[in-house]
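Asker: Based on what follows, work out the 3D shape:
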Amino acid sequence: SRLSPQTDRVPTALISISGKPMIAHSISALRSLGVTKFLICRGWQSEAFDVALPQLGEGVRLIDCPDYAKSGMLESLRMAMPHLSEGGFYLLYGDIIFRPSLSRALAQQQGTLSIVVDHESPGIQSKGFESVEIVAAGGNAYSSTSRRWVKRIGKDRRILPEDSLGEFAGIVKVAGGEARKVWDEAFDRLWSAPKPGSRCLPWWIEPVMQASLCEFLQLLVEEGHTVDITSVFGGWHEVNTPQDLTRAQNDTPLFLAEGEVRAQVAAMGSCLLSEANDLKRPLPIVAKELNIDMAKLDSLLKGDLGIGEALDVLRKMSEVYPVPLNDLWLDADDTKGGVRLTFADDSEATSRVLNRLNKDGERTPYYEYRDAAMSRCSQFRPEWIKQLRVVKSGNPLDPDVQMNNGHLMMQMTMFIGPVDFYYRDRHGKVHRCEMNTGDSNFISSFVPHSFTSRDENK
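Answerer: Sure thing, here's the model as predicted:
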């Protein structure tokens, strides 16, 4: 697995983010919409769901997919459909995490068969255009009332980058009534023998057992059914790689604090609207002159954009019009009652190893760094450091000790275990201090220093 060792014991959907399984965040978002019943299709490490079930809450039923290793998502759906209640439903990928505002926007979408599409297409940066489930759409991008619908969706759909609306975010809404009837009839036809006079399945969806959700959505489109689009601009992550997981772990404390984020983004939207009024420009004109979708401006005003996406709009506003960025940007309070917490799992997900030269001239591991509880409202930048270089000579000039050049921020260090601290004084002399659990020190700006361990077992 690309996420090993995290997925050696649990599937991706159960990786912990902000103290609970990733899929639990999705369930919580849907519960806020009034959803009470949930079907989880499980395959790899399926028994882990039995252990995690109490964390997922009421109304969760587990569906076994024994052929998961050689099948696609439609096969998992086939196992789940007989257990689905009548009426509408939501369908989600298990390896995504998203702001509740995404599912709320989808619920409010007027279309009866709708999907979430991210105009920012974050997967293109991490995986490449050909490896992303891209959506090409119909509709007017600059109209605040225009309806957008799917024309093509999926990988290898011969969609040019300039024709791409964005990336499918892995969330589908199927309303009750006619939409559910269309869905069921098309889905049943996939697994039934062709009837005389009926349509044949297109070649690209065969074999059906290995087909994807996007291929099924494309089938509905080609048979004349409308799949409406709910436009978003960030606020979600697909977790397929360690880098994806790090981004999700780092973003989650921000975008899951939905009330604070929405309030801040909506306030910035109000600032933009005020400046637009002063410039005598209606929002559709602003959208054209900034070369962004009207839907994105609507999302900003509602508070549904992520902080980063909102900042991008404000930067464009400041670049195109004579409006200072300071008049538009508002810093968010990312604490709760002035306190910011970081859990051990969140910190571990940020782990990275820095290499430095050893006495033989080879670059070998020197430090492991992990982030700790950092806030934009604080002047402190706490971090966790593990010394990976063991030096037992007691010599401050040992060639295995590699000094840095110092840094602007002053540093307070609290030690655990046998650590040697080295520093160079203003006369150029290097000193070594033996530190142990409970010791601490203070390092001024631009003082070259280093740390090593005296015991490889501690």
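Asker: Distance check, the residue nearest to Ala310 when sequence neighbours are not counted against Arg99.
Answerer: Leaving aside its sequence neighbours, Ala310 sits nearest to Val265 (C-beta to C-beta, 6 or more residues apart in numbering; 4.8 Å). To be clear about C-beta, it is placed using only N, CA and C from the backbone, and glycine gets the same treatment. Distance, Val265 to Arg99, using C-beta to C-beta, to the nearest Å: 11 Å.
Asker: which residues in the stretch 201-350 of the chain form helices?
Answerer: Along the stretch 201-350 of the chain, counting by DSSP state H, counting those that start in this stretch, helices occupy 213-222, 242-255, 258-278, 283-290, 294-302, 307-320, 344-348.
Asker: follow-up on the earlier one: so what's in contact with Val265 and Arg99 at the same time?
Answerer: Gly306 (C-beta atoms under 8 Å, 6 or more residues apart in numbering).
Asker: Point out where the stretch 101-250 of the chain drops to low pLDDT.
Answerer: Low-confidence segments of the stretch 101-250 of the chain, defined by pLDDT under 70: 125, 141-146, 193-199.
Asker: try 80 this time
Answerer: 121-128, 140-146, 156, 193-200, 249-250 (pLDDT under 80).
Asker: Might one say that the residue nearest to Ala310 is in contact with Leu305?
Answerer: Yes - in this structure Val265 lies within contact range of Leu305 using C-beta atoms under 8 Å: 5.3 Å.
Asker: quick one, which of those two is more surrounded?
Answerer: Leu305 (30 against 26; other C-beta atoms under 10 Å).
Asker: residues in contact with that one?
Answerer: Leu305 touches Phe233, Gly234, Gly235, Val265, Lys296, Ser299, Val313, counting by C-beta under 8 Å, 6+ apart.
Asker: residues near the last one, how many?
Answerer: The local packing of Val313 (other C-beta under 10 Å) involves 24 other residues.
Asker: Please apply the same query to the fifth one.
Answerer: The local packing of Lys296 (other C-beta under 10 Å) involves 23 other residues.
Asker: And Ile159, by the same measure?
Answerer: 20.
Asker: Help me confirm that it is found in a helix?
Answerer: No - assigned with DSSP: H, G, I helix; E, B strand; the rest coil, Ile159 falls outside any helix and is coil.
Asker: quick one: it from Phe168, how far?
Answerer: On the measure of C-beta to C-beta, Ile159 and Phe168 end up 11 Å apart.
Asker: rewinding a little: ok, the residue nearest to Ala310 - contacts?
Answerer: So Val265 contacts Leu300, Gly303, Asp304, Leu305, Gly306, Ile307, Ala310 (C-beta under 8 Å, 6+ apart).
Asker: and with 10 Å instead?
Answerer: Contacts for Val265 were tallied using C-beta atoms under 10 Å, 6 or more residues apart in numbering; they are 101, 299-307, 309-311, 313, 330, 332.
Asker: Leu91 too?
Answerer: Leu91 neighbours (C-beta under 10 Å, 6+ apart): 39, 73, 77, 80, 84, 115, 170-174, 183, 213.
Asker: try 7 Å this time
Answerer: Contacts for Leu91 (C-beta atoms under 7 Å, 6 or more residues apart in numbering) come out as Val172, Val174.
Asker: 24 is where my numbering starts, stick with that
Answerer: Yes, from this point I'll number from 24; that puts the last item at Leu114.
Asker: quick one: it is in a strand?
Answerer: Yes - assignment of Leu114 by three-state DSSP places it within a strand.
Asker: Of all residues in the chain, which one is nearest the centre?
Answerer: By C-alpha atoms, centre = their mean, the chain has its centre lying nearest to His260, at 2.2 Å.
Asker: The closest residue to that residue other than its chain neighbours - how many residues pack around it?
Answerer: Take His260 and drop its neighbours on the chain: the residue closest to it by C-beta to C-beta, 6+ apart is Ala271, 4.1 Å away. Neighbour count for Ala271, taken as other C-beta under 10 Å: 24.
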